[in-house]
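>>> I'd like to go over a predicted model; first the sequence, then the structure.
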Amino acid sequence: MSRNKLKISSRLLKKKVRKQAYLNPKHCRFCGNKDLELSLDYKNINLLRNFLTERSKILPSRVSGNCSFHQRALSQEIKTARAIALLPFCALQG
Amino acid sequence: MLRYETLLLGKTEMTEDDIAMLERSFDKIVSAAQGKLSSFDRWGKYRLAFPVEKNVQGVYMLVRYQIPTSSAATLLKEINTFLKIKCNELVMRHVSVRLKANAPATYNKPEAMDVVRSGSVDAFIKDNKIDSLLSSVDTAEDSSNETVN
């Protein structure tokens, strides 16, 4: 009896999450914004820093809301910036 | 004509002569391939995100050049070998990137360590364009944004 109740509530939660994703979809901030697209550069670390976590990991697109095209371009720029020591590979400990 | 740029990361012990030598060598290599050096910017001293060859600070230089399509591959190889072998003492890292056709000439670069900020508050406000905080508004400067109160 209690197990059935748990199954129903988790189903309801998933339904809510799906509805939220449908009602408030995340928008890619690069799509349609030509200036921002052009400024997506490995040198522009002020922009790139917004897409790193506190441990300097690249944010997934489901969190940042980027479309796949711009997420790929962004991650490529972050990796070039990391190679030339403009951005860290991992956050320093302590 | 293809547009390329190379970002060099040099050690802080680089002198003006070293930088001039780098610029001249780049000019030589690029013009040998029938190209043209667009710009050579020394960004200044920066604190690096992680120690590179035990150095915590470094000097960045951005070189932009235009080269014909036919000599692109050989030129990039030449630049790579030149920076790796000849400039082993001075240049720690380098990255060569092809610029897109619609890339603007200006770029956003991070703030350098040796940028001297002026001490006055008004200058800071004017630089960052927070005009509402200015205690006294210069009518001569703000003639373009005339607001009617």
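Thanks, I have it. All values reported here derive from a predicted model rather than from experimental measurement.
>>> Run the chain-centre distance for the helix or strand B:Lys126 falls within.
Element membership for B:Lys126 (DSSP states H and E) is helix B:121-127. With Cα atoms, centre = their mean, to the nearest Å as the basis, the distance from the averaged C-alpha position of helix B:121-127 to the chain average is 25 Å.
>>> so what does it touch, helix or strand wise?
On a contact count with 3 or more Cβ pairs under 8 Å, 6 or more residues apart in numbering or on different chains; DSSP states H and E, helix B:121-127 meets no helix or strand. Glycine gets a C-beta too; all of them are placed from N, C-alpha and C.
>>> ok, and the closest non-adjacent residue to residue 80?
Picked chain A for this. A:Tyr42 (4.0 Å; Cβ to Cβ, 6 or more residues apart in numbering or on different chains).
>>> my question was about chain B
Here the residue nearest B:Asn80, using Cβ to Cβ, 6+ apart, is B:Ser96, at 7.3 Å.
>>> contacts for the helix or strand encompassing that neighbour?
Following DSSP H and E, one finds B:Ser96 within strand B:91-98. For strand B:91-98, the external contacting residues (Cβ atoms under 8 Å, 6 or more residues apart in numbering or on different chains) are A:42, A:80, A:83-85, B:2-11, B:22, B:52-53, B:55, B:58, B:76, B:79-80, B:83.
>>> tell me which parts of chain B are close to chain A?
Proximity of chain B to chain A, by Cβ under 8 Å from any Cβ of the partner chain, involves residues B:7, B:9, B:48-50, B:52, B:58, B:62, B:93-95, B:97, B:102-104, B:107-110.
>>> So what are the sheet partners of the longest strand anywhere in chain B and their directions?
Counting by DSSP state E, the longest strand found in chain B is strand B:36-52. Strand B:36-52 has the following strand partners under DSSP bridges: strand B:55-67 (antiparallel).
>>> Buried residues of the partner strand, list them for me.
Neighbour-count burial for strand B:55-67, with 16 or more other Cβ atoms under 10 Å in any protein chain shown as criterion, is recorded at B:Gly58, B:Val59, B:Tyr60, B:Met61, B:Leu62, B:Val63, B:Arg64, B:Tyr65, B:Ile67.
>>> Show me what the fifth one is bridged to.
When assigned by DSSP bridges, B:Leu62 has beta-bridge partners B:Leu7, B:Asp41.
>>> quick one, what contacts it?
So B:Leu62 contacts A:Lys43, B:Glu5, B:Thr6, B:Leu7, B:Leu8, B:Ser39, B:Phe40, B:Asp41, B:Trp43, B:Tyr107, B:Lys109 (Cβ under 8 Å, 6+ apart).
>>> What subset of those residues is buried?
Applying 16+ other Cβ under 10 Å to these flags A:Lys43, B:Glu5, B:Thr6, B:Leu7, B:Leu8, B:Phe40, B:Trp43, B:Tyr107, B:Lys109 as buried.
>>> Identify, from these, the entry nearest to A:Asn33.
B:Tyr107 (17.4 Å; Cβ to Cβ).
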